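*Asks:* I would like to see how this sequence folds:
(2 chains)
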Amino acid sequence: MKVNQLSIFLENRAGRLAEVTKILSENQINIRALSLADTSDFGILRLIVSDFEKAMQVLKDKGFTVGKTNVVAVEVSDKPGGLHSLLEMLGKENVNVEYMYAFVQQSGKNAIIIFRFDRTDQAIEILQKNDIRIVSGKELYGM
Amino acid sequence: MMYDQDKETLPREDLEALQLRRLRTQCERVYANVHFYRKKFDELGIKPSDVNSLSDLTRLPFTEKQDLRNHYPMGLFAVPRENVVRLHASSGTTGKATVVGYTRRDIDNWAECMARSFMAAGAKPGDIVHNAYGYGLFTGGLGAHYGAEKMGATTVPVSGGATKRQAVLLRDFGADVICCTPSYSLFLYETALEMGIDIAELPLRIGIFGAEPWTEEMRRDIEKKLNIKAIDIYGLSEVMGPGVAIECIEAQSGLHIQEDHFLVEVIDPATLEHVAPGEMGELVITTLTKEAIPVIRYRTRDITALDPTPCVCGRTFARMRRIAGRTDDMLIIRGVNVFPSQIEAILLETEGLTPHYQLIVDREGSLDTLEVQVEVNERLFSDEIKNLQKLGGKIQKTIKEFLGVTANVKLIEPKGIQRSEGKAKRIIDKRGK
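*Replies:* From the prediction side, this is the model:
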């Protein structure tokens, strides 16, 4: 139920992000979803890619600091209140969202939201209990 | 004017006789009371009774900063702890600080050296002394304080920091003399100016500046801006504190060493032999009157040269040139001594691994800045910003706690630090010499 997310430490300087995308491109790795968190000095690039293991290896080989994080991908109906009801059920159980980012599928009416929770297993349990569809890694990588 | 004309103008012959007498006594005391020196003397096959001329000094063992650290905290003290009325300590990570002690007589002698220094700098009894050296374990504040009081000054123990308040007090009290680091005097000048206070128009006549290296250009700059005479002072806690040597206002050319209290040599740090008279080398100091922690041939790591020629001021004490640099990698940041090894120790203690790091020292306006760049490897890395910022904050806090300097901690990518010939270049000092 968990999805492997790649996190990359980037110094805040011109061209650094392009070096990551160049490496991925050269290795035929597709980016499914991404988000970039930034501070004045550095940023953290978070990626869901078509081939996690390969991406991790090629980036490491090029000297990047790369981390692996377990995130949860959730399908949310693309209509007002869709995200809200989901956050409410998690909040009630005291599950905290560390960060999240979303993308809308090319086909279909639903949005996919990537969550990083403080208590991942508990979050999955709550979501399943409420019949929320969790998108598996396999499905996501191949989208 | 001199504080102690008899001593300060003692004919060289009499001075040297006094030095020999005191050196001999000092050797007897350390041999009898300090295990470290007894062992060293024995290893070299020398007894205190073998010291019959000042040239015998070269037969005595050296003392290094590491020796003080190895005997932390009080292992080199030559008197019972009960006779020590004060302790000072230099910055250091846990267990590595260098601790020095003073008997009542040490405190008196130190105040005497500082009182002489004030008067050599042109101060006089009745002056108001604004003492902006830091008070506390650092010797600067209390050292200058006791000397100013002994000379008979109205002493203002303002200590470091709170610069705006300092500017107001400087104006309202009408201080004649200020003591601080040279770079702080410029910072204070600029801050005061922004507040509408022009220090050049205040009664201030003299600045006594030390605890960090500075140049003749900086002296001219300070003298012009603040409209004062800027005097160089030298000292280090391992032998006493400020007041070991001072420039006279008459010549402003070299610092007179208080030679009745300190015996100095200049050596080639590679061969440990004396350099030719007047040549540059490492300053080595033997204390002649210190009771609590006498040091024999202490290697200061400071580079200077001795000038034995008579001075226009009439003092017979030899002069040392302005400190030209260090023989080790010690950095002086806002008057605080920082060794890269201390930063390294903190990084190791903070994270339990060997991160690559680099220190960038620069000067913003007139104040030194220290940036510590730490490479983020996979063990340090987190995908959450708050964790990385916490890491940076923790390193910064520990450096501040142990070393007393505020560092800007910057996390950088691995290999973002240039390696020169396979070895990391640890320090980049962008401050002009």
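*Asks:* which residues touch the nearest residue to B:L10 once chain neighbours are set aside?
*Replies:* Nearest non-adjacent residue to B:L10, counting by Cβ to Cβ, 6 or more residues apart in numbering or on different chains: B:T316, 5.8 Å away. (Each C-beta comes from the backbone N, C-alpha and C, glycine too.) B:T316 is in contact with B:E8, B:T9, B:L10, B:P11, B:R12, B:L15, B:P310, counting by Cβ atoms under 8 Å, 6 or more residues apart in numbering or on different chains.
*Asks:* go again using 6 Å as the cut-off
*Replies:* Neighbouring residues of B:T316 by Cβ atoms under 6 Å, 6 or more residues apart in numbering or on different chains: B:T9, B:L10, B:R12.
*Asks:* Name the residues of stretch B:268-284 that are buried.
*Replies:* For stretch B:268-284, a neighbour-count test (16 or more other Cβ atoms under 10 Å in any protein chain shown) marks B:H274, B:V275, B:G281, B:E282, B:L283, B:V284 as buried.
*Asks:* can you check stretch B:338-347 too?
*Replies:* For stretch B:338-347, a neighbour-count test (16+ other Cβ under 10 Å) marks B:V338, B:F339, B:P340, B:Q342, B:I343, B:E344, B:A345, B:I346, B:L347 as buried.
*Asks:* Which of the residues you listed sits closest to chain A?
*Replies:* The nearest member of the buried residues of stretch B:338-347 to chain A, counting by Cβ to the nearest Cβ, is B:L347 at 16.5 Å.
*Asks:* And for B:I427, the neighbour number?
*Replies:* Look at B:I427: counted by other Cβ atoms under 10 Å in any protein chain shown, it has 12 neighbours.
*Asks:* actually B:R81, not the one I wrote
*Replies:* 10.
*Asks:* So for it, what pLDDT did the model give?
*Replies:* Looking at B:R81, its pLDDT is 97.
*Asks:* tell me, what residue is most central in chain A?
*Replies:* A:I114 (4.6 Å; Cα atoms, centre = their mean).
*Asks:* name the element that residue belongs to?
*Replies:* Using DSSP states H and E, A:I114 sits within strand A:110-117.
*Asks:* Need the contact partners of that strand.
*Replies:* A:33, A:71-78, A:95, A:97-104, A:123.
*Asks:* what sits up against the helix or strand just after it?
*Replies:* The element immediately downstream of strand A:110-117 (helix or strand, assigned by DSSP H and E) is helix A:120-129. Here helix A:120-129 makes contact (Cβ under 6 Å, 6+ apart) with A:M1, A:N70, A:M89, A:E93, A:V95, A:F117, A:I134.
*Asks:* try it again with 7 Å
*Replies:* A:M1, A:K2, A:N70, A:V72, A:V74, A:M89, A:L90, A:E93, A:V95, A:F117, A:I134 (Cβ atoms under 7 Å, 6 or more residues apart in numbering or on different chains).
*Asks:* now stretch B:107-116
*Replies:* Outside of stretch B:107-116, the residues within contact range by Cβ under 7 Å, 6+ apart are B:3-4, B:8, B:85-86, B:102, B:143-144, B:146-147, B:150-151, B:240-243, B:258, B:261, B:289.
*Asks:* Among the buried residues of stretch B:338-347, which lie within helices?
*Replies:* Among the buried residues of stretch B:338-347, the residues falling in helices (DSSP state H) are B:P340, B:Q342, B:I343, B:E344, B:A345, B:I346, B:L347.
*Asks:* Check which helix or strand the single nearest residue of chain A relative to chain B maps to.
*Replies:* Proximity of chain A to chain B (Cβ to the nearest Cβ) peaks at A:S7, 3.4 Å away. For A:S7, the element it lies in under DSSP H and E is strand A:3-11.
*Asks:* List the buried residues for that strand?
*Replies:* Quick answer for strand A:3-11 (16+ other Cβ under 10 Å): A:V3, A:N4, A:Q5, A:L6, A:S7, A:I8, A:F9, A:L10.
*Asks:* list the contacts for the fourth one?
*Replies:* So that's A:L6. A:L47, A:V49, A:F52, A:A55, A:M56, A:V66, A:K68.
*Asks:* doesn't A:S25 make contact with the fourth one?
*Replies:* Spelled out, it's A:A55. No. Using Cβ atoms under 7 Å, A:A55 is not in contact with A:S25; the gap is 11.2 Å.
*Asks:* Got a PyMOL select line for the buried ones in the contacts of strand A:110-117?
*Replies:* The PyMOL selection below is limited to those of the contacts of strand A:110-117 classed as buried (16+ other Cβ under 10 Å):
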select buried, chain A and resi 33+71+72+73+74+75+76+95+98+99+100+101+103+123
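*Asks:* Is it correct that B:L54 is in contact with B:L20?
*Replies:* Yes. With contact defined as Cβ under 7 Å, B:L54 counts as touching B:L20 (5.5 Å).
*Asks:* The two: which has the busier surroundings?
*Replies:* B:L20 (19 against 14).
*Asks:* Give me the phi and psi angles of the more buried one.
*Replies:* The phi/psi pair for B:L20 (degrees, to the nearest 10) reads phi -60, psi -40.
*Asks:* Compute the number of surrounding residues for residue 143.
*Replies:* Since you didn't name a chain, this refers to chain A. Residues near A:M143, counting by other Cβ under 10 Å: 16.
*Asks:* ah, I was thinking of chain B
*Replies:* 30.
*Asks:* and it, what is it in contact with?
*Replies:* B:W110, B:M114, B:G241, B:P242, B:G243.
*Asks:* Report the contact partners of the fourth one.
*Replies:* I take that to be B:P242. Counting by Cβ under 7 Å, 6+ apart, B:P242 has contacts B:M114, B:T139, B:G140, B:G143, B:A144, B:G210, B:I233, B:G235.
*Asks:* Report the beta-bridge partners for it.
*Replies:* B:P242 has these beta-bridge partners by DSSP bridges: B:G235.
*Asks:* Okay, B:R81 and B:V99: tell me how far apart.
*Replies:* As for B:R81, its distance to B:V99 is 11 Å (criterion: Cβ to Cβ, to the nearest Å).
*Asks:* quick one: common contacting residues for the two?
*Replies:* Counting by Cβ under 7 Å, 6+ apart, the residues touching both B:R81 and B:V99 are B:M74.
*Asks:* Chain A against chain B: which residues are in contact?
*Replies:* For chain A, the contact set with chain B under Cβ under 7 Å from any Cβ of the partner chain comprises A:7, A:9, A:11, A:37, A:39, A:41-42, A:44, A:46, A:63, A:65, A:67, A:69, A:98.
*Asks:* which pair in these spans the largest distance?
*Replies:* The distance between the two most remote of the residues of chain A next to chain B (Cβ to Cβ) is 26.8 Å, for A:G63 and A:E98.
*Asks:* top strand in chain A by residue count?
*Replies:* Counting residues, the longest strand in chain A under DSSP state E turns out to be strand A:66-77.
*Asks:* That strand relative to strand A:110-117, how many degrees between them?
*Replies:* Computed by axes from the mean of the first three to the mean of the last three Cα atoms, to 10 degrees, the angle separating strand A:66-77 from strand A:110-117 equals 140 degrees.
*Asks:* hang on, the earlier thing: kindly indicate which of the contacts of helix A:120-129 lies nearest B:R326.
*Replies:* A:N70 (50.8 Å).
*Asks:* In the sheet, which residues pair with the closest one? Tell me.
*Replies:* A:N4.
*Asks:* and what of A:I44?
*Replies:* A:F9, A:A37.
*Asks:* ok, it - contacts?
*Replies:* With contacts defined as Cβ under 7 Å, 6+ apart, A:I44 is in contact with A:S7, A:F9, A:A37, B:D383, B:I385.
*Asks:* What are the structural domain limits within chain A?
*Replies:* Domain ranges of chain A: A:3-69, A:71-141, per automatic domain parsing.
*Asks:* got the buried residues for the helix or strand of chain A with the lowest mean pLDDT?
*Replies:* One helix or strand of chain A scores below all others by mean pLDDT, DSSP states H and E: helix A:137-141, with a mean of 86. For helix A:137-141, the neighbour count (16+ other Cβ under 10 Å) marks A:G137, A:L140, A:Y141 as buried.
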